[in-house]
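[1] A predicted structure for the sequence below; I have some questions about it.
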Amino acid sequence: MVVFPNCKINLGLNILRKRKDCYHDLETVFYPIPLTDALEIIRDTELGILPNDLRLTTSGLPIDGNQDNNLCVKAYHLLKKDFPALPAIQMHLHKVIPMGAGLGGGSADGAFALKLLNNQFHLGLSAEQLIAYSLQLGSDCPFFILNKPCFATGRGEVMDVIDLDLSAYQFLIVNPQIHIGTGWAFSHITPAIPKRCVKEIIQQPIHTWTDALINDFEAPAIAQYPEIGEIKATLYQQGAIYSSMTGSGSTVFGIFEKGQTTELFFPKHYFVYRG
């Protein structure tokens, strides 16, 4: 069985306060984007019991690090603890979504792995239970269980599905292949309560978002990596109604009128998606 984990963008991202558990409270709107990876899971009759119960192969963009840290692998072992009868599997992940880019690609892969395992092996888990499992994988993962536009608070796991349809517009997503560590990003933020809530701002017409809908990570990221600011300026020059960095960066997106043509001359190593 094959699924296609999609990415997300953040429409506004305010860091409100640091918590006693060292996480941060935030507010943002998660919006799904149809840029996808591909994930396949099949039963593996050649493998035995633990610890040799999963084989992961990958293609597409290279994935750094130990496979044991892959969120798809972690998703399987997380469920295996509570469902010991879960069979041995082969898992193949084809990566298209840039990693460490603020698009939530890894989080999507982990969440979709949970959903796929639940459906394929009839575990009977509810959306609420899947959200609880996914939060153990990462703060962004619960969004991908719902995978609908959401106003998110807490660590990002407290979600309120909202009526936000941007299908009348087209998106341009540009990643300059700059990796911004989450720890570095948070170290350059001074948490504060914003004057206006993100949820209130996104209810207004998109052309009013430019000076109101802010990603707190954007200013320090641009100060450190001017290319990010240059991408944003280029998207506005090409007619974007709204443009912003997503997540902790470094990806920048622009929202354009449907059918609008753009002339872009980004360096060849940049990742560019139109959708």
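    Ah, there it is. The shown structure was predicted, so the numbers you read here are calculated from the model rather than taken from an experiment.

[2] Contacts only, for the nearest residue to residue 148 once chain neighbours are set aside.
    In space, and not counting its chain neighbours, residue 148 is closest to residue 161: 5.1 Å by Cβ to Cβ, 6 or more residues apart in numbering. Using the backbone N, CA and C atoms, a C-beta is placed for each residue, glycine as well. Counting by Cβ atoms under 8 Å, 6 or more residues apart in numbering, residue 161 touches 146, 148-150.

[3] would a markdown table of these with distance to residue 100 be doable?
    As requested, the contacts of residue 161 are exported to a markdown table (distance: Cβ to Cβ, whole Å):
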| residue | distance to residue 100 |
| --- | --- |
| 146 | 24 |
| 148 | 25 |
| 149 | 24 |
| 150 | 23 |
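
[4] Quick check: ChimeraX command selecting the buried ones in those residues.
    Restricted to buried positions by 16 or more other Cβ atoms under 10 Å, the ChimeraX selection for the contacts of residue 161 reads:
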select :146,149,150
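
[5] got the contacts of residue 161 as TSV, with distance to residue 240, pLDDT and secondary structure columns?
    Converted to TSV, the contacts of residue 161 look like this (distance: Cβ to Cβ, whole Å; pLDDT from 0 to 100; DSSP: H, G, I helix; E, B strand; the rest coil):
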residue	distance to residue 240	pLDDT	secondary structure
146	27	96	helix
148	24	97	coil
149	19	98	coil
150	23	97	strand
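
[6] wait, which of the contacts of residue 161 is closest to residue 260?
    residue 149 (22.2 Å; Cβ to Cβ).

[7] just checking, the closest one touches residue 28?
    No: Residue 149 is beyond contact range of residue 28, at 11.2 Å (criterion: Cβ atoms under 8 Å).

[8] Next one: the closest residue to residue 18 other than its chain neighbours relative to residue 152, how far apart?
    Spatial nearest neighbour of residue 18, chain neighbours left out: residue 24 (5.4 Å); criterion: Cβ to Cβ, 6+ apart. Distance from residue 24 to residue 152, counting by Cβ to Cβ, to the nearest Å: 13 Å.

[9] Also residue 186?
    17 Å.

[10] need the contact list for the spatially closest residue to residue 274 that is not a sequence neighbour.
    Excluding its sequence neighbours, the residue lying closest to residue 274 (Cβ to Cβ, 6+ apart) is residue 172, at 5.6 Å. Residues in contact with residue 172 (Cβ under 8 Å, 6+ apart) are 235, 240, 253-254, 256, 262, 264, 272-274.

[11] and residue 172, that's in a helix?
    No: checked against DSSP: H, G, I helix; E, B strand; the rest coil, residue 172 lies outside a helix; its state is strand.

[12] quick one: stretch 201-218 to chain centroid distance?
    19 Å (Cα atoms, centre = their mean, to the nearest Å).

[13] Buried residues in it, which are they?
    By 16+ other Cβ under 10 Å, the buried positions in stretch 201-218 come out as 201-202, 206, 209, 212-218.

[14] Take the contacts of residue 172 and lay them out in JSON lines including neighbour count, pLDDT and secondary structure.
    JSON lines is the format used below for those (neighbours: other Cβ atoms under 10 Å; pLDDT from 0 to 100; DSSP: H, G, I helix; E, B strand; the rest coil):
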{"residue": "235", "neighbour count": "24", "pLDDT": "96", "secondary structure": "helix"}
{"residue": "240", "neighbour count": "25", "pLDDT": "96", "secondary structure": "coil"}
{"residue": "253", "neighbour count": "27", "pLDDT": "98", "secondary structure": "strand"}
{"residue": "254", "neighbour count": "23", "pLDDT": "97", "secondary structure": "strand"}
{"residue": "256", "neighbour count": "20", "pLDDT": "96", "secondary structure": "strand"}
{"residue": "262", "neighbour count": "15", "pLDDT": "78", "secondary structure": "coil"}
{"residue": "264", "neighbour count": "13", "pLDDT": "83", "secondary structure": "coil"}
{"residue": "272", "neighbour count": "11", "pLDDT": "96", "secondary structure": "strand"}
{"residue": "273", "neighbour count": "19", "pLDDT": "95", "secondary structure": "strand"}
{"residue": "274", "neighbour count": "12", "pLDDT": "92", "secondary structure": "strand"}
